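Enquirer: Give me a 3D structure for the following:
(one chain, ligands or ions: 1)
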Amino acid sequence: MTAGYPPNAGQALLKHAVLVGAGRMGSAMARGWIADLGAAGLAKLSVVEPHPGDDVSQAAATKLIDLNPAPQVADIVVLAVKPQGFAGAADTLKAWVGPDTLVVSIMAGVTIDRIIGALGSKKVARAMPNTPGAIGMGATGFALSEACGEAEAAATAGLLEPLGFVAGPLKEAQMDAVTAVSGSGPAYVFLLVESLAAAGKSAGLDEATANALARETIIGAGALLGEFAESPAELRKQVTSPGGTTAAALDVLMTGGGMPDLMRKAVDAAVRRGAELAREAEKK
Ligand SMILES: NC(=O)c1ccc[n+]([C@@H]2O[C@H](COP(=O)([O-])OP(=O)(O)OC[C@H]3O[C@@H](n4cnc5c(N)ncnc54)[C@H](OP(=O)(O)O)[C@@H]3O)[C@@H](O)[C@H]2O)c1
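Expert: Next up is the predicted model:
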């Protein structure tokens, strides 16, 4: 699901794309594109990856994609290498990038200016996916450089769709907030499972039962959220009878600031850390 673009709106732009780095995230994108190159707006896909997985290797064996070809200027370059590998790879990557190449980066914390400075093209999209993106259930936010327009926005959104929900274009200044909410967000949910299981154990359940009940509860609640149009607040109210057990627990979680206040502080801390990390990366 993508916010607000007609299907293939960026297709005129999408001719030859090269994916650099087909690890967890890159191969999730590649799988989606390979399933229907035309639907992704791609006439040709090249993949640069030292250790390709089965999907990419099979697609290369059947000539659906080019694996590790000689570099040539591409219409689109998707960067899915680790941020710490970018500086070392930049000189090699330049061979794929011309003045009109759209560079789509999913590297955490690498700014648009840094990518423009390293690769030369002024058309850059910076995206922040999260770990569920590896199974197509992610949430990704993206921002664009000034030189990008509607076509690049649509092309970027379409290319990110195999990772799951896509929000954008946002302002680059908002990317630290995206990182703090959806990038780091899965960890907050995992902590919720851990905390719920530990509370279940101290309420009298054995460890295995507490873990399983907590885990399945979060999986089920997430599926409900995905299935129905109601807001999370409405779904919460539906399971909260006045004076009942859920209301007693929510009183503890919500009064005196409670969980909403704690979450705001946690997200603020992640935003501040994101800004610090970006400043440190600029100095390197
Ligand atoms: N995973 C997440 O949840 C997540 C969330 C947000 C953002 N991201 C971003 O997504 C990017 C990819 O993350 P990931 O988890 O998919 O990492 P990953 O699994 O390590 O994938 C990176 C891949 O790039 C390959 N590679 C390294 N240098 C290369 C080069 N010069 N040319 C071509 N390929 C190269 C690596 O091969 P080798 O293993 O052989 O080095 C590896 O297969 C990162 O920048 C990360 O910040 C990830």
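Enquirer: Convert the C-alpha atoms of the helix or strand containing Ala248 to PDB, please.
Expert: Per DSSP states H and E: Ala248 is located in helix 245-254. What follows is helix 245-254 as a C-alpha-only set of coordinates in PDB (Å, rounded to 0.1, in the frame of the first residue of the first chain):
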ATOM      1  CA  THR A 245     -10.500  -6.100  34.000                       C
ATOM      2  CA  THR A 246      -9.100  -4.300  30.900                       C
ATOM      3  CA  ALA A 247     -10.300  -0.900  32.300                       C
ATOM      4  CA  ALA A 248      -8.400  -1.700  35.500                       C
ATOM      5  CA  ALA A 249      -5.200  -2.400  33.600                       C
ATOM      6  CA  LEU A 250      -5.500   0.600  31.300                       C
ATOM      7  CA  ASP A 251      -6.000   2.800  34.300                       C
ATOM      8  CA  VAL A 252      -2.500   1.900  35.400                       C
ATOM      9  CA  LEU A 253      -1.100   2.200  31.900                       C
ATOM     10  CA  MET A 254      -2.800   5.600  31.100                       C
END
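Enquirer: which of the residues in that helix are buried?
Expert: Residues Leu250 are the ones in helix 245-254 that count as buried (16 or more other C-beta atoms under 10 Å). (Each C-beta comes from the backbone N, C-alpha and C, glycine too.)
Enquirer: Repeat that for stretch 84-103.
Expert: Buried residues in stretch 84-103, defined by neighbour count with 16+ other C-beta under 10 Å: Phe86, Ala89, Ala90, Leu93, Lys94, Trp96, Val97, Thr101, Leu102, Val103.
Enquirer: distance of the second one from Glu230?
Expert: Okay, so that is Ala89. Ala89 is 46 Å from Glu230, where distance means C-beta to C-beta, to the nearest Å.
Enquirer: got it, and the fourth one?
Expert: In this view, Leu93 and Glu230 are 45 Å apart by C-beta to C-beta.
Enquirer: quick one on the thing from earlier: which one of the buried residues of stretch 84-103 is nearest Asp66?
Expert: Taking C-beta to C-beta as the measure, Asp66 lies nearest Trp96 of the buried residues of stretch 84-103, at 12.1 Å.
Enquirer: who are the neighbours in contact with that closest one?
Expert: Going by C-beta atoms under 8 Å, 6 or more residues apart in numbering, Trp96 touches Val18, Val20, Pro71, Gln72, Val73, Ala74, Val77.
Enquirer: Fine by me, thanks again.
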